[in-house]
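> using only what follows, build the 3D model:
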Amino acid sequence: MSDSQWVLVLTRPSGDPTLRIGGLPLCLRLCLDAQAAGAAAVVCAPEANAARAALGDRRLRLPVLDAVPEGARSLSVPATYLLHRTLIRNVVRYDGEAGRRARELATEPFVQRVPYGFEPIDVTGPELSSAAERALFRSLRKPEDGWTSRYLNRRLSLPISRLLAHTPLHPNQVSVVILGVGILGAVLAARGELVLGALCFQAQSVLDGCDGELSRVTHQGSLSGEWLDTVGDDITNYGFFGGAGYGLYAATGSPWYLAAGLVTVASGLVASAFEYRYLIKIGSGDLLKYPLSQATSKSASSTGLARLAPLFKRDTFVFLTLVAAVAGLLGAMLCLFAAAAVGMLFAVLRTELRLAREAAGAA
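Below is the predicted model of the structure:
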């Protein structure tokens, strides 16, 4: 092992290292966080042998050793500590000195550099487990959350995810259920039950956070999970607006609603085809990695519109759709979304042209 590599050392626990927080034993969570931070191995000190049995999990790919290899740096943490999932990575990047003690993790600048971070918690017994789990799930919030996610959706999805973490459900299974809720909303809208359809649309938006929260808290994220989330959102969006266009046309006889639904769906499908092609090329299913979102963020910042950016996020437009349906204004909202879908398609086409020029220049 080279002197640039480091290992996590599990030291004497203050309580039961197999106590489950967020669906995982404390000691296993520590090791998985270390694995994500680039550790080369886990060392189980003799006084922490009670933790060894919980480390036989397929998610943990690190070797479990009895002693620190010669030349390796080490980070020593009691086996009952709960840390923010990115705290270990920040500590190692900031200062990789051998033998850092766990108490130093709580000092500046480590905690303050982590959004929604919390100081390390030594879960010495079941009486502290509830508070520790609350801190863990609160840390799943994202700084880039839109207004609706921050003040409504996360308040609902996090308690649901906390319950799901103590079940055998996999995040991908949760994603399929969430997609089913979205499809139900599209069917209801096509049948003319617009308010019920919009309620399902909003419910899908709330639940849409659960699969990601569950994958992060249980360390079960995957490429297939990213694609399920991305494709599920798109199917839900296009299905609802297409269904709403048909439902409004059937109720009023106006072909404009049908045309607005078709324009929204067609524009979205073409834009998604370009986005998916790019994501396949880079080996990701995360739509936020498509450079359109990066360019949009820079443009918003340069024009002073950064404060309004959350208004255009999916969580907000889904909630506004529900408000419009309840107010009987879904037809007007559908026409606005048709125009926005065309605008988004042109933005994607401009991004594709820019990428093509950059590729030609590089060649």
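> quick one: the helices in the protein?
Taking DSSP state H, the helices of the chain run over residues 26-36, 87-94, 126-138, 147-148, 154-164, 171-190, 194-217, 223-252, 255-282, 291-302, 314-326, 330-362.
> what stretches of this structure score poorly on pLDDT?
Residues of the chain meeting the criterion pLDDT under 70: 1-4, 91-113, 293-312.
> domain assignment for it?
As assigned by automatic domain parsing, the chain contains the domains 6-138, 147-362.
> now those as a markdown table including mean neighbour count?
From N, CA and C alone the C-beta is placed, and that goes for glycine too. Putting these into a markdown table (neighbours: other C-beta atoms under 10 Å) gives the following:
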| stretch | mean neighbour count |
| --- | --- |
| domain 6-138 | 18 |
| domain 147-362 | 18 |
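> coming back round to it: could you dump the helices of the chain into a markdown table and include distance to V114?
Shown next, in a markdown table, are the helices of the chain (distance: least, C-beta to C-beta, whole Å):
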| stretch | distance to V114 |
| --- | --- |
| helix 26-36 | 12 |
| helix 87-94 | 6 |
| helix 126-138 | 12 |
| helix 147-148 | 23 |
| helix 154-164 | 17 |
| helix 171-190 | 23 |
| helix 194-217 | 14 |
| helix 223-252 | 23 |
| helix 255-282 | 26 |
| helix 291-302 | 21 |
| helix 314-326 | 23 |
| helix 330-362 | 31 |
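> once you drop chain neighbours, what's closest to V176?
L228 (7.1 Å; C-beta to C-beta, 6 or more residues apart in numbering).
> mind exporting stretch 254-261 as PDB, just the C-alpha atoms?
Extracted in PDB, the C-alpha atoms of stretch 254-261 (Å, rounded to 0.1, in the frame of the first residue of the first chain):
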ATOM      1  CA  SER A 254     -61.400  23.000 -28.400                       C
ATOM      2  CA  PRO A 255     -58.600  21.700 -30.600                       C
ATOM      3  CA  TRP A 256     -56.200  24.300 -29.100                       C
ATOM      4  CA  TYR A 257     -55.900  22.200 -26.000                       C
ATOM      5  CA  LEU A 258     -55.100  19.100 -27.900                       C
ATOM      6  CA  ALA A 259     -52.600  21.000 -30.000                       C
ATOM      7  CA  ALA A 260     -50.900  22.400 -26.900                       C
ATOM      8  CA  GLY A 261     -50.600  19.000 -25.400                       C
END
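> and it, how far from the chain's centre?
Averaging C-alpha positions (C-alpha atoms, centre = their mean, to the nearest Å) puts stretch 254-261 35 Å from its chain's average.
> contacts for it?
Residues from elsewhere that reach stretch 254-261 (C-beta atoms under 8 Å, 6 or more residues apart in numbering): 241-246, 248-249, 331, 334-335, 337-338.
> try 7 Å
Outside stretch 254-261, the residues that touch it by C-beta atoms under 7 Å, 6 or more residues apart in numbering are F241, G242, A244, G245, Y246, L248, Y249, G331, L334, C335, A338.
> V42 and D66 touch, don't they?
No: using C-beta atoms under 7 Å, V42 is not in contact with D66, being 10.6 Å away.
> for the residue nearest to V176, give its distance to K142.
19 Å (C-beta to C-beta, to the nearest Å).
> how about A356?
Separation of A356 from K142 (C-beta to C-beta) stands at 32 Å.
> and the residue lying closest to A45 once chain neighbours are set aside, what does it touch?
Excluding its sequence neighbours, the residue lying closest to A45 (C-beta to C-beta, 6+ apart) is T11, at 5.2 Å. By C-beta under 7 Å, 6+ apart, the contact set of T11 is A45, E47, A48, S76, V77, P78, A79.
> now the residues you listed as CSV including distance to E213?
Shown next, in CSV, are the contacts of T11 (distance: C-beta to C-beta, whole Å):
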residue, distance to E213
A45, 32
E47, 34
A48, 29
S76, 30
V77, 24
P78, 26
A79, 25
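> which members of the residues you listed occur in strands, if any?
Of the positions in the contacts of T11, S76, V77, P78 sit in strands, assigned by DSSP state E.
> between these, which is nearest A132?
P78 (13.5 Å; C-beta to C-beta).
> follow-up on the earlier one: measure the residue nearest to V176 to Q204 for me?
13 Å.
> about what we covered before: what about the residue nearest to A45, distance to L75?
Distance from T11 to L75, by C-beta to C-beta: 10 Å.
> repeat for G361
Separation of G361 from L75 (C-beta to C-beta) stands at 44 Å.
> same deal with A341?
Counting by C-beta to C-beta, the gap from A341 to L75 is 49 Å.
> same deal with L223?
29 Å.
> likewise S175?
In terms of C-beta to C-beta, S175 sits 34 Å off from L75.
> what's the answer for R134, then?
26 Å.
> same question for V64.
Applying C-beta to C-beta to V64 and L75 gives a distance of 15 Å.
> can you check G180 too?
Note on G180: its distance to L75, by C-beta to C-beta, is 43 Å.
> and what of S157?
For S157, the distance to L75 (C-beta to C-beta) stands at 32 Å.
> rewinding a little: pipe the ones in strands among the contacts of T11 into a markdown table and attach distance to L196 per row.
As requested, the ones in strands among the contacts of T11 are arranged in a markdown table below (distance: C-beta to C-beta, whole Å):
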| residue | distance to L196 |
| --- | --- |
| S76 | 56 |
| V77 | 50 |
| P78 | 52 |
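> not counting its neighbours along the chain, what's nearest the residue nearest the centre of the chain?
Closest to where the C-alpha atoms of the chain average out (C-alpha atoms, centre = their mean) is G212, at 4.0 Å. Using C-beta to C-beta, 6+ apart and skipping the chain neighbours, the partner closest in space to G212 is D229 (6.5 Å).
> kind regards, and thank you for your time.
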